[in-house]
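Enquirer: Pasted the sequence and its predicted model underneath.
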Amino acid sequence: MGDYLFVLTNVFDQKVNVNPFSHLHDCVERAITISRLLRRLQISAVITMDSNTIRDPDNVVCRLPPCQKKTEEGSESTRHPQCKPNVVCLRDFEEYAKTNMPRDVFDYYAGGSDTEQSVRDNQEAFKRIRLQSCILRDVSSRDISTTILGQKVPFPIGIAPTAMQMMAHPEGEMAMAKAATAMGTGMVLSAWTTSTIEEVAEASGNGLRWFHVHIFRDRSITRKIIERAERAGYRAIFISGDTPVLGRRLRALRNEFALPSKFRLQSFPLQLQIEDGTNNDNFPEYVNTQIDDTVSWDDIGWIRSISSLPIVIKGILTAADAREAVSRGVAGVVVSNHGGRQLDGVPASIDVLDEVASAIRGSGIEVFFDGGVRSGTDILKALALGARAVFIGRPALWALNYDGSAGVCKMLEILMIEFSVAMALTGSLSVADIKKDLLRRQIIYAKL
């Protein structure tokens, strides 16, 4: 005991008057030494050395000045890289973003409409679906690749359109595009982008990229951005069909959410944004002034008249709407409830996927899925219910915030590994082997 106290005394007697930025290694080494000694003495403590705080006994957590400093906007900035936790699943990215992002930004991304029941249901519904294992099969040669709109991808995962990504990371949509290209898959760029259509195209290089658009009140804006996307090499147009008006997103309203003044929406003329107040405290109302509540199925024909790109309709939740989409000559549909951000109380996306996919099976129309995917087993469940591929929204933003393009690559790698393992444990050698008979509904267990 005396030896330990002697060492502790020597450690504490050393003054820490150096710059913590240039001597981070020494700071952390000293913290670890103290941590280990305290653990052996069975002492719980919080040790403060100047502006550095080290906590124990469970973990060494360094809290250095740059980890939580204020930005020009008065919000908390990103942590110092040394403070990033290890991530092994998609939940880890979200937990990091929850404490690292400015509160209003995290709430904007994470929030849904009204009570957020559909946000919660999107993830909870996956838990009600069980998987059937398959044993004693040689699964040493598995092929997890597929195609999306005729383009080969190494796994059935794409990046969904999400708005204003520079709020999550300085490189925003460009970093997201770089990651998608690096991993061999594609990204859907949102019309509400904070990077230009051309910048994202350049960042993605020869990678797959698709463009998402609303049909705006000013049809000339819709026409111009579609033309820009086509010139920049985007290979399909994804149209949100579920947004004639914006859902009431209470978190954004309570926070009086505003797009930070250093950013702007690059798809819209700057003067229009100044006049309509993109950056003021009524951002939801600004969006409502731009989207068109008169939009109808007939407008799909107008889009086809101004672009030769394949059209994918996003926001399908019923068999009737899926069949209507087929009759309008679209290339694909996305089964999606907009991440629970539009009509609160609609079913979870996964709960209607089978109905939609069955209604248009054999039509040649590709069925995609988004909403609540957080693991490789979720992907397998979606494919078993009829999806060709899934698109990842919020988790991609959390990963972007974690480490830019490297974070998004890490997120996709985790999903790819999890999906491959799930295929092996269900005896699936290719995505074509993933059928509905691999699934069991939770209600079966409830009756036992």
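Expert: Looks like it came in fine.
Enquirer: Name the residues of the top helix by length along the chain that are buried.
Expert: What stands out as the longest helix in the chain, according to DSSP state H, is helix 394-425. For helix 394-425, the neighbour count (16 or more other CB atoms under 10 Å) marks 394-405, 407-412, 414-416, 418-420, 422-423, 425 as buried. Where C-beta positions appear, they are placed from N, C-alpha and C, glycine not excepted.
Enquirer: how near is G345 to H338?
Expert: 13 Å (CB to CB, to the nearest Å).
Enquirer: cool, and I148?
Expert: Where H338 is concerned, I148 sits at a distance of 20 Å (CB to CB).
Enquirer: just F369 next, same as before
Expert: F369 is 13 Å from H338, by CB to CB.
Enquirer: Tell me which of those two has more neighbours.
Expert: F369 (30 against 24; other CB atoms under 10 Å).
Enquirer: Which of the helices or strands spans the more buried one?
Expert: strand 366-370 (DSSP states H and E).
Enquirer: Show me the contact partners of that strand.
Expert: By CB atoms under 8 Å, 6 or more residues apart in numbering, the surrounding residues in contact with strand 366-370 are 148-149, 158, 160, 312, 322, 331-336, 339, 349-350, 353, 356-357, 360, 382, 386-393.
Enquirer: Which helix or strand lies directly C-terminal to that strand?
Expert: Counting by DSSP H and E, the next helix or strand C-terminal to strand 366-370 is helix 376-384.
Enquirer: Next, the angle strand 366-370 makes with that following helix.
Expert: 150 degrees (axes from the mean of the first three to the mean of the last three CA atoms, to 10 degrees).
Enquirer: Can you list the helices and strands that helix 376-384 packs against?
Expert: Counting contacts by 3 or more CB pairs under 8 Å, 6 or more residues apart in numbering; DSSP states H and E, helix 376-384 packs against helix 117-127, strand 129-131, helix 349-359, strand 389-392, helix 394-425.
Enquirer: what do you get if the cut-off is 7 Å, keeping everything else the same?
Expert: helix 349-359, helix 394-425 (3 or more CB pairs under 7 Å, 6 or more residues apart in numbering; DSSP states H and E).
Enquirer: Among the ones you listed, which comes closest to N288?
Expert: For N288, the closest of these is helix 394-425, at 22.3 Å, according to CB to CB.
Enquirer: what residues go with each domain of the chain?
Expert: Following automatic domain parsing, one finds the domains of the chain at 1-63, 110-446.
Enquirer: what's the helix or strand for D299?
Expert: Going by DSSP H and E, D299 is in helix 298-306.
Enquirer: Just the residues contacting that helix, thanks.
Expert: Residues from elsewhere that reach helix 298-306 (CB atoms under 7 Å, 6 or more residues apart in numbering): 215, 223, 226, 237, 239, 311, 328-330.
Enquirer: Just checking, which helix or strand succeeds it along the chain?
Expert: Defined by DSSP H and E, the subsequent element after helix 298-306 is strand 311-316.
Enquirer: How far off centre is that next one?
Expert: 18 Å (CA atoms, centre = their mean, to the nearest Å).
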